[in-house]
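Chemist: Sequence first, predicted coordinates after that:
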Amino acid sequence: ETGVTQSPTHLIKTRGQQVTLRCSSQSGHNTVSWYQQALGQGPQFIFQYYREEENGRGNFPPRFSGLQFPNYSSELNVNALELDDSALYLCASSLGASGSTDTQYFGPGTRLTVL
Amino acid sequence: GENVEQHPSTLSVQEGDSAVIKCTYSDSASNYFPWYKQELGKGPQLIIDIRSNVGEKKDQRIAVTLNKTAKHFSLHITETQPEDSAVYFCAASFGGANNLFFGTGTRLTVIP
């Protein structure tokens, strides 16, 4: 086990709704990264937070946003859900001094289905 | 940005045989190359990683090789067991970003 937890496990939403996914990182890990994994694909980087500040973003629109809290928890928020947002959402924590390539430890993911 | 290609997409081997999965990357600045195993319904689990100052790394039945000149790296699993059956992903990353670029995955099936 990686010590990274995510909730909920599964979630079903309808198009246009908003969703919040949660992640709890390993204690002491200052960096959290979020990835979207479509069925049959590798994970794609959404964004990363280091000490509560966004520290990099992939090719995702602004309706994907995040927060990181001092207690090693974090959130991914998605507004105006689209059908293509259906995927497994993964968070990964790392020790993460900014600019480092520390090992990333993944949680089990949240399976989001948009109808 | 970085582009990681992974082959093959599926691989079936007999128990006890070896399995090799290959990846290529495009950005010469990449310097960290992890391999993850993902079982059904679970998140990716790190199995081995290598940094660009090393050409080979081994951990029991698993080894990874890196050729920086050719920009490719490979995963080698020896003496495969049925519990090795899973989807394997390679990834690449470079300092300053610390986000991982993943390959498209290889579904490994070990036949008892």
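Modeler: Noted; the coordinates are in hand. As the structure is a prediction and not an experimental result, all values here were calculated from the model.

Chemist: who's in contact with residue 8?
Modeler: All of this refers to chain A. Contacts for A:P8 (C-beta atoms under 8 Å, 6 or more residues apart in numbering or on different chains) come out as A:21, A:110. Bear in mind the C-beta positions are built from the backbone N, C-alpha and C, glycine included.

Chemist: that's the wrong chain, I wanted chain B
Modeler: The contact partners of B:P8, taken as C-beta under 8 Å, 6+ apart, are B:21, B:106.

Chemist: what pairs with the residue in chain B that chain A sits nearest to across the strands?
Modeler: Ranking the residues of chain B by distance to chain A (C-beta to the nearest C-beta) places B:F102 first, at 3.2 Å. Beta-bridge pairing of B:F102, defined through DSSP bridges, involves B:A91.

Chemist: and chain A, which residues reach chain B?
Modeler: Contacts of chain A with chain B, taken as C-beta under 8 Å from any C-beta of the partner chain, map to A:2, A:4, A:6, A:31, A:33, A:35, A:40-45, A:48, A:55-56, A:58, A:90, A:92, A:94, A:96, A:98-109.

Chemist: Now the buried members of those.
Modeler: Buried by 16 or more other C-beta atoms under 10 Å in any protein chain shown: A:2, A:4, A:6, A:31, A:33, A:35, A:42-45, A:48, A:55-56, A:58, A:90, A:92, A:94, A:96, A:100-102, A:104-109, out of these.

Chemist: mind checking the SS state of the residue in chain A that chain B sits nearest to?
Modeler: Residue nearest to chain B within chain A: A:G42 (3.2 Å; C-beta to the nearest C-beta). Judged by DSSP: H, G, I helix; E, B strand; the rest coil, the three-state class of A:G42 is coil.

Chemist: And the pLDDT for it?
Modeler: What the model reports as pLDDT for A:G42 is 95.

Chemist: mind listing what it touches?
Modeler: By C-beta under 8 Å, 6+ apart, the neighbours of A:G42 are B:4, B:6, B:89, B:91, B:102-105.

Chemist: repeat that with 7 Å
Modeler: B:89, B:102-105 (C-beta atoms under 7 Å, 6 or more residues apart in numbering or on different chains).

Chemist: could you dump these to TSV with pLDDT and neighbour count?
Modeler: Shown next, in TSV, are those (pLDDT from 0 to 100; neighbours: other C-beta atoms under 10 Å in any protein chain shown):
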residue	pLDDT	neighbour count
B:F89	98	27
B:F102	96	24
B:G103	97	25
B:T104	96	16
B:G105	97	23
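
Chemist: Can you tell me which of the residues you listed comes closest to B:Y25?
Modeler: Closest to B:Y25 out of the contacts of A:G42 is B:G103 (8.9 Å), distances taken as C-beta to C-beta.

Chemist: B:E83 belongs to a helix?
Modeler: Yes - checked against three-state DSSP, B:E83 lies within a helix.

Chemist: What about the residue nearest to it when sequence neighbours are not counted, how many residues nearby?
Modeler: Computed as C-beta to C-beta, 6 or more residues apart in numbering or on different chains, the closest residue to B:E83 that is not its neighbour in sequence is B:V110, at 7.9 Å. Using other C-beta atoms under 10 Å in any protein chain shown, B:V110 has 20 other residues around it.
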